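In: Mind looking at a prediction? Sequence and model below.
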Amino acid sequence: MILTQSSGMIMGPVSKLLGFIFNAIYSLFNGMGVESIALSIVVFTVIVRLILFPFNIKSTRSSKIQQYLKPEFNKINKKYKGKKDQDSMLAQQRETRELQEKYGIKMSQGCLTSLVQFPVFIGLYNVIQNVPAYVPKIKALYQPIAEAIIKTDGGYKLLYDFVEAKNVPRFVTKQLIEFSTSTDIKSAEGIKSLNSVIDVLFRSSESIMGKISELFSANPDVGRLISENQENILRVNRFIFGINLSEAPGFKLSPAIIIPIASFLCQLLAMLVTPMAETGDPQQDAQMKSMKRTMYFMPIMSLIVTITAPAGLGIYWATSAFISFLITVFTNKYYDHADMEKIIAVQQEKAAKQIAKRKESGKKSFSERFMEAAMGQQPEPEQNTTVSKNRTLNKYGSMNLKNFDSNYADNSDSDNNAESDFNTTTKSPKKGSLADKANAVKRFNDSGV
């Protein structure tokens, strides 16, 4: 439910923080005599992009370093060219990741930037789709009308039926909290009811507000307050060519369609200039190409969303994408003319410190753990006796079948738990044991049947 502000455990606090910043920006311009939600959105977007700027820089720097080191990655690629066996492919991946770690290249940097931006986008969506909830000065324009509606006899039924008939876009009747003339709007339930009515009014265009005025003709105060506040409401929501930011452009020819088109084009430009380096590792390059294709889907998604969402959200998305395009263009130019040898030396020094610190703590990187798991290696033996009870199963589970033969028992005396699988007299696997079954599979494979 909307109930004015987002109340989710994660997005609730994010939306409130963004709403606080947005309200500060709007209040600043309002104090200067400029009442414009659109201008506040643009300034807010610039601030958000500046906050995210360090993440963009890191992502671009990582891509540029990888491009500069492409000959080194090509050497690894050439070394294992044509080798399709598992050992060679794992060795190629290991050497590629070691080279990336040596120079502090993180393939997940671009994903991290996207992950940081996602909650910001959702939080701002919550703010823009219900600006009165976060900006008291705008809420004050709708509150007198909402109070008059609540004081009208049978007001809830009238408004409920009006919304149920889909007269108000993007609003469902279950979001409307029941009220009556006896409702105390200062109580907790009264505030919820008041806020839900304001939600309806904020989503109502000028023509819909006129219909609401006629609907509540029994209470002249409703029509009078709508008439008195309508011009101020239009002024704060109005954008160029008379576009109302609280309304969705929709699938129709109107000046508002400019916003979704601008959002699509700016997203596309941002994708085209985003560097995507190759590593020489077939697996990673395939992942990067897949990510690139996914990125090209973003402009289409932005077009669809901004057509159906309030125009204010489209302004944010278009402005954000355009700023991202400019940042990427200028950072690309900077790194194209920068001393890459010096940048790489600094990056290598930082990476060396991180590796040393990790080794000192005994912790392994994600790529190291991944390679160990892929190659069937086991971590260092644990001293804890409770862990050692399951060590045999782990040992067999990670063994390659080619290692199982009749001589295996001679090398397993050091593990007491493994001895139970072998006949102590003949030093051969006991019939029915895990080792005996593994040898049976091996003999079948060797027979060539």
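Out: That came in fine, so what should we check first?

In: Give the burial count for the nearest residue to residue 311 once chain neighbours are set aside, as a bare number.
Out: The spatially closest residue to residue 311, leaving aside those adjacent along the chain, is residue 245, at 4.8 Å (Cβ to Cβ, 6 or more residues apart in numbering). Yep, even glycine has a C-beta here, placed from its N, CA and C like the rest. Using other Cβ atoms under 10 Å, the number of residues around residue 245 comes to 22.

In: give the contact list for residue 245.
Out: Neighbour list for residue 245: 37, 38, 41, 128, 237, 238, 239, 310, 311, 312, 315 [criterion: Cβ atoms under 8 Å, 6 or more residues apart in numbering].

In: Quick check: the gap between it and residue 139.
Out: Applying Cβ to Cβ, to the nearest Å, the value for residue 245 to residue 139 is 16 Å.

In: Residue 272 now?
Out: Residue 272 is 41 Å from residue 139, by Cβ to Cβ.

In: try residue 159
Out: Residue 159 is 18 Å from residue 139, by Cβ to Cβ.

In: the more surrounded of these two?
Out: Neighbours were counted for residue 159 and for residue 139 using other Cβ under 10 Å; residue 159 has more, 26 against 19.

In: you'd agree that one is up against residue 176?
Out: Yes - using Cβ atoms under 8 Å, residue 159 is in contact with residue 176, at 6.6 Å.

In: what touches both of those two?
Out: 197, 200.

In: thinking again about what came up before, redo the contacts of residue 245 as JSON lines? Include secondary structure and neighbour count.
Out: Converted to JSON lines, the contacts of residue 245 look like this (DSSP: H, G, I helix; E, B strand; the rest coil; neighbours: other Cβ atoms under 10 Å):
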{"residue": "37", "secondary structure": "helix", "neighbour count": "25"}
{"residue": "38", "secondary structure": "helix", "neighbour count": "19"}
{"residue": "41", "secondary structure": "helix", "neighbour count": "27"}
{"residue": "128", "secondary structure": "helix", "neighbour count": "25"}
{"residue": "237", "secondary structure": "helix", "neighbour count": "25"}
{"residue": "238", "secondary structure": "strand", "neighbour count": "16"}
{"residue": "239", "secondary structure": "coil", "neighbour count": "21"}
{"residue": "310", "secondary structure": "coil", "neighbour count": "27"}
{"residue": "311", "secondary structure": "helix", "neighbour count": "28"}
{"residue": "312", "secondary structure": "helix", "neighbour count": "28"}
{"residue": "315", "secondary structure": "helix", "neighbour count": "24"}
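
In: Which members of these are the farthest-apart pair?
Out: Of all pairs drawn from these, the greatest distance, 15.1 Å, lies between 128 and 238 (Cβ to Cβ).

In: show me where the stretch 1-150 of the chain has helices.
Out: Using DSSP state H, counting those that start in this stretch, the helices found in the stretch 1-150 of the chain span residues 11-31, 37-68, 70-79, 86-102, 109-128, 136-150.

In: still on that earlier bit, pLDDT at the residue nearest to residue 311, what is it?
Out: On pLDDT, residue 245 comes in at 81.

In: For the nearest residue to residue 331 once chain neighbours are set aside, the count of nearby residues, please.
Out: Excluding its sequence neighbours, the residue lying closest to residue 331 (Cβ to Cβ, 6+ apart) is residue 60, at 4.5 Å. Neighbour count for residue 60, taken as other Cβ under 10 Å: 22.

In: For residue 60, give me its contacts.
Out: So residue 60 contacts 275, 328, 331, 332, 335 (Cβ under 8 Å, 6+ apart).

In: One more: residue 321?
Out: 263, 266, 267, 269, 270, 302.

In: quick one: contacts for the residue nearest to it when sequence neighbours are not counted?
Out: Sequence neighbours aside, residue 266 is the residue nearest to residue 321 in space, at 3.6 Å (criterion: Cβ to Cβ, 6+ apart). Contact partners of residue 266, counting by Cβ under 8 Å, 6+ apart, are 318, 319, 321, 322, 325.

In: For the one helix or strand residue 266 maps to, buried residues please.
Out: Take DSSP states H and E as the rule and residue 266 turns out to sit in helix 258-273. By neighbour count with 16 or more other Cβ atoms under 10 Å, helix 258-273 contains the buried residues 258-260, 262-271.

In: now do stretch 13-28
Out: For stretch 13-28, by 16+ other Cβ under 10 Å, it's 14, 15, 16, 18, 19, 21, 22, 23, 25, 26.

In: now do stretch 133-151
Out: Neighbour-count burial for stretch 133-151, counted by 16+ other Cβ under 10 Å, picks out 133-135, 138-139, 141-151.

In: And these, which two are furthest apart?
Out: Maximum pairwise distance among these (Cβ to Cβ): 25.8 Å, between 134 and 151.

In: Show me which of the contacts of residue 321 is closest to residue 52.
Out: So of the contacts of residue 321, ranked by how close each gets to residue 52 (Cβ to Cβ), first place is residue 270, at 13.0 Å.

In: residues touching that closest one, list them.
Out: Residues counted as contacts of residue 270 (Cβ under 8 Å, 6+ apart) are 321, 322, 324, 325, 328.

In: need the contact list for residue 205.
Out: 244, 246, 247.

In: burial measure for the first one, as a count.
Out: It stands for residue 244. 18.

In: Wait, a strand at residue 170?
Out: No - according to DSSP: H, G, I helix; E, B strand; the rest coil, the state of residue 170 is coil, so it is not within a strand.

In: how about the nearest residue to it, chain neighbours excluded?
Out: residue 203 (5.9 Å).

In: Am I right that that neighbour is in contact with residue 246?
Out: Yes - shown here, residue 203 and residue 246 form a contact pair, counting by Cβ under 8 Å, at 6.4 Å.

In: The two: which has the busier surroundings?
Out: residue 246 (25 against 20).

In: is it fair to say that one lies in a helix?
Out: No - Residue 246 is assigned coil when assessed by three-state DSSP, not a helix.

In: Can you pull out the low-pLDDT segments for the stretch 201-350 of the chain?
Out: Along the stretch 201-350 of the chain, segments meeting pLDDT under 70 span 275-295.

In: Let me see the ranges of the helices in it.
Out: 206-215, 220-237, 258-273, 282-308, 311-337, 340-361.

In: Out of those, which gets nearest to residue 72?
Out: Nearest of those (Cβ to Cβ): helix 340-361, 10.5 Å.

In: which outside residues touch that closest one?
Out: With Cβ under 8 Å, 6+ apart, helix 340-361 has contacts from 61, 64, 65, 68, 69, 101, 102, 103, 104, 335, 364, 365.

In: how about a markdown table for the residues you listed, with neighbour count added?
Out: Shown next, in a markdown table, are those (neighbours: other Cβ atoms under 10 Å):
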| residue | neighbour count |
| --- | --- |
| 61 | 19 |
| 64 | 21 |
| 65 | 20 |
| 68 | 16 |
| 69 | 20 |
| 101 | 18 |
| 102 | 15 |
| 103 | 19 |
| 104 | 21 |
| 335 | 19 |
| 364 | 14 |
| 365 | 13 |
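
In: Many thanks, have a good one.
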